[in-house]
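**Q** Sequence first, then the predicted structure, then my questions.
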Amino acid sequence: MNQFLLAKKTEFQKVIEFFKKDIGSLRTGRANTAVLEGIMVEAYGVQTPLVGVANVSIADARSIIVSPWDRNIIKDVEKTIVEAGLGLGVVNEGDKIRLTIPAMTEENRKDLVKRLNEKTEQAKISVRQTREAVKSAIDKAEKDKAISEDDKFRFMEELEEEVKRVNEELKTTRDKKEKDIMTI
């Protein structure tokens, strides 16, 4: 594999990992703790990730339990979850918060697929930007006579194969998530 592609290979991997994490927050009608991942709670005057102040677990297929380690911040946790606008039912049970996942309508599912497609397109844009950076580096090296024209074409071919592999992985991940969303 060429040095230009090797230098940016981690960026391609980061795009895939970010995409998987990003779409993990799209709810599918089943309880999934990933929907709470980006939530920051103001506790003790500091913004802290929800998982840093509470235990988050799945009670059953339709509910998530959030158990703050300190009961004094339960109101802050509840307020933050409600303000996050996740579309979940929030019930404060005194020592824990129960989040209920409402049944999804066909319209909800179509909206989520639409958001999934937008996130997929953002990931593909990131892949194209990384590809362009590698391509520019290869062109510059050939122009500076650091590599031959044959090497340039071979490196470009390897780059296109890697981009194709990354796009295929994004598509597979997207299709799997769409299937989860559309499953009743």
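**A** Happy to help now that I have it. Quantities reported herein were computed from a predicted structural model and do not represent experimental measurements.
**Q** now the residue positioned nearest the centre of the chain, nearest residue through space, not along the chain?
**A** With distances taken as Cα atoms, centre = their mean, residue 22 lies nearest the centre of the chain, 1.4 Å away. Spatial nearest neighbour of residue 22, chain neighbours left out: residue 119 (5.4 Å); criterion: Cβ to Cβ, 6 or more residues apart in numbering. In short, each C-beta sits where N, CA and C put it, glycine included.
**Q** Next: residue 98.
**A** With Cβ to Cβ, 6+ apart as the criterion, residue 98 has its nearest non-adjacent residue at 4.6 Å, and that residue is residue 91.
**Q** Which other helices and strands does the longest helix that the chain contains contact?
**A** Taking DSSP state H as the assignment, the helix of the chain that covers the most residues is helix 106-143. Applying 3 or more Cβ pairs under 8 Å, 6 or more residues apart in numbering; DSSP states H and E, we find helix 106-143 packed against helix 3-24, helix 149-182.
**Q** my read: the residue nearest to the centre of the chain touches residue 121, true?
**A** No. Residue 22 lies out of contact with residue 121 (Cβ atoms under 8 Å); the separation is 12.0 Å.
**Q** Of the helices and strands packed on helix 106-143, which is nearest residue 137?
**A** helix 3-24 (4.8 Å; Cβ to Cβ).
**Q** Mind listing what's buried along that closest one?
**A** Using 16 or more other Cβ atoms under 10 Å as the burial criterion, the residues of helix 3-24 that qualify are 4-5, 8, 11-12, 15-16, 19-20, 22-23.
**Q** again with stretch 53-72
**A** So for stretch 53-72, counting by 16+ other Cβ under 10 Å, buried means 53-54, 56, 63-68.
**Q** Straight-line length of that stretch, end to end?
**A** End-to-end distance for stretch 53-72, by Cα to Cα, to the nearest Å: 11 Å.
**Q** roughly how far is it from the heart of the chain?
**A** 22 Å (Cα atoms, centre = their mean, to the nearest Å).
**Q** what does it rub up against?
**A** 30-33, 35-36, 41, 43, 50, 73-74, 77, 81, 88, 95-101 (Cβ atoms under 8 Å, 6 or more residues apart in numbering).
**Q** average pLDDT across it?
**A** Average pLDDT, stretch 53-72: 86.
**Q** how far away is the residue of the chain most remote from its centre from residue 152?
**A** The C-alpha centroid of the chain is most remote from residue 145, which lies 40.6 Å away (Cα atoms, centre = their mean). Using Cβ to Cβ, to the nearest Å, one gets 11 Å for the distance from residue 145 to residue 152.
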